[in-house]
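**Student:** pasting a predicted model and its sequence here:
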Amino acid sequence: MRQTIAAATAALCLTSAASADLDITIHYLRVETAKPPTLSNLDPIPEDLGLAGARVGLDDNTTTGRFLGQSYTLTETTVPEAQDPTDAARAALAETDLIVLDAPAEALRTIADLPEADGALLFNATAPDMALRGPECRANVLHTMPSLAMRTDALAQFFVTKRWDTLALIAGEQQADEAFAAAMRTSLTKFGLGLEAEKTWAFDADMRRNAAQEVPLFTQDLGEYDALIVADEAHDFGRYILYNTWRPRPVAGSEGLQAEAWAPVVEQWGAAQLQSRFTEAAGRDMAPEDYAAWAAVRAIGEAVTRTSAADAATLRAYLLGDEFELAGFKGRPLTFRTWNGQLRQPIPLIHARALVAQAPLDGFLHQRTELDTLGLDAPESGCAAFEAAR
């Protein structure tokens with residue numbers, strides 16, 4: 001009996017010693033981009049947007065890792081606007097093979113294609129571009145930020161549920177607006193809906209003074225519709241559409257009813273606890289970019305805990321495997337899609353003051369999981385890199 005206890009104690013000591021040597025470094029690499037000017041400065045962009053979420057995620061990992069002998073470090077680099085990010089990326093990759101990226105799609109692809117990134121594990125925490133989950137996917141990139149299609153599919157499901165069959169769209173001229181509008185059209189078609197009318201917002205007048213006069217005239221010829229969709233991802237003009245339309249109809253999309261990865265009004269499923277911890281740490285509300293960065297860091301932490309490993313290859317295999325689940329405070333376990341690396345997750349449908357619903361909505365079924373009714377499913381993804389990497 002004493003020998004058995006001694007052997008078990010020795011094994012525990014060996015395991016603890018091995019775990020004690022496990023030092024995990026995660027690098028947060030931000031590539032700054034130009035932001036389009038907006039009519040209002042009511043919503044300033046926090047300087048630590050995204051990064052604050054990664055820091056809270058690191059604190060969560062450290063809390064668990066402390067008991068397992070795991071040590072976590074978060075290093076940070078910001079690449080100034082218009083500067084080539086490759087040198088900074090190479091320096092980060094020389095330090096660790098675990099990178100959380102806050103970068104536009106073009107920069108993300110450039111970094112993922114570096115020879116130094118071969119075998120690394122990169123997390124896309126900000127770019128919603130569909131192509132990154134489709135033909136331009138990279139096997140070394142996982143996505144914790146929901147795609148545009150996940151957001152627009154969530155809205156389309158809500159329209160179907162409410163029987164809002166007649167829809168109109170106003171889209172801005174920015175590239176992000178056009179991308180959102182394109183994703184919205186695809187989602188409407190996917191769920192058997194369509195647009196009755198579309199218009200492009202090309203005003204250069206100051207809507208802070210003219211909205212009550214200009215918006216009714218602009219929307220008068222949209223005809224009859226059940227809901228008006230606004231594609232204004234910079235949140236420039238959309239706020240002036242609400243309550244100024246010719247017909248009194250609900251507004252959804254970039255304003256009004258919005259589908260987001262996260263919002264301060266999400267309080268169920270233990271989310272209030274995450275919200276309060278974030279607010280205490282950052283001094284502000286948690287934004288979608290913060291949540292995606294938090295999820296990336298926490299996914300790493302969960303994989304390290306379960307595998308007792310810190311190398312990218314082992315962690316990637318576990319993250320894409322059947323055993324991985326992340327408790328994401330959204331009512332369902334979050335998992336990664338094996339065909340394009342997208343993190344499955346419910347999408348809250350919110351307005352400024354409350355959570356309205358959470359997609360996938362009741363009645364939208366899938367043979368694998370209802371979460372796969374949101375975004376690119378395996379047959380439509382067109383991502384070959386993940387298949388080749390198996």
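**Tutor:** Cool, the structure landed. Numbers count the residues shown, from 1 in each chain.
**Student:** what is His351 paired to in the beta sheet?
**Tutor:** Judged by DSSP bridges, the bridge partners of His351 are Ala354.
**Student:** looking at it, it is touching Gly256, isn't it?
**Tutor:** Yes: if you go by C-beta atoms under 8 Å, His351 and Gly256 touch, sitting 6.5 Å apart. In this view, the C-beta of every residue, glycine as well, is placed from N, C-alpha and C.
**Student:** separation between the nearest residue to Phe159 once chain neighbours are set aside and Val160?
**Tutor:** Leaving aside its sequence neighbours, Phe159 sits nearest to Leu193 (C-beta to C-beta, 6 or more residues apart in numbering; 6.0 Å). Between Leu193 and Val160 the distance is 7 Å, computed by C-beta to C-beta, to the nearest Å.
**Student:** list the contacts for the residue nearest the centre of the chain?
**Tutor:** By C-alpha atoms, centre = their mean, the chain has its centre lying nearest to Met145, at 1.7 Å. With contact set as C-beta atoms under 8 Å, 6 or more residues apart in numbering, Met145 has these partners: 124-128, 261, 288-289, 292.
**Student:** out of those, which is most surrounded?
**Tutor:** Neighbour counts for the contacts of Met145, by other C-beta atoms under 10 Å, peak at Ala125, which reaches 31 neighbours.
**Student:** do I have it right that the residue nearest to Phe159 meets Leu167?
**Tutor:** Yes: the pair Leu193 / Leu167 is scored as a contact, 6.4 Å apart, by C-beta under 8 Å.
**Student:** what about the residue nearest to the centre of the chain, which helix or strand?
**Tutor:** Using DSSP states H and E, Met145 falls within no helix or strand.
**Student:** tell me the pLDDT at it?
**Tutor:** pLDDT for Met145: 98.
**Student:** may I have the phi/psi pair for it?
**Tutor:** The phi/psi pair for Met145 (degrees, to the nearest 10) reads phi -80, psi 130.
**Student:** now it: closest residue in space, sequence neighbours ignored.
**Tutor:** In space, and not counting its chain neighbours, Met145 is closest to Ala292: 4.1 Å by C-beta to C-beta, 6+ apart.
**Student:** would you agree the one you found is in contact with Ala125?
**Tutor:** Yes: using C-beta under 8 Å, Ala292 makes contact with Ala125 at a distance of 4.3 Å.
**Student:** which residues are common contacts for the two?
**Tutor:** Shared contacts of Ala292 and Ala125, defined by C-beta under 8 Å, 6+ apart, are found at 50, 53, 144-145.
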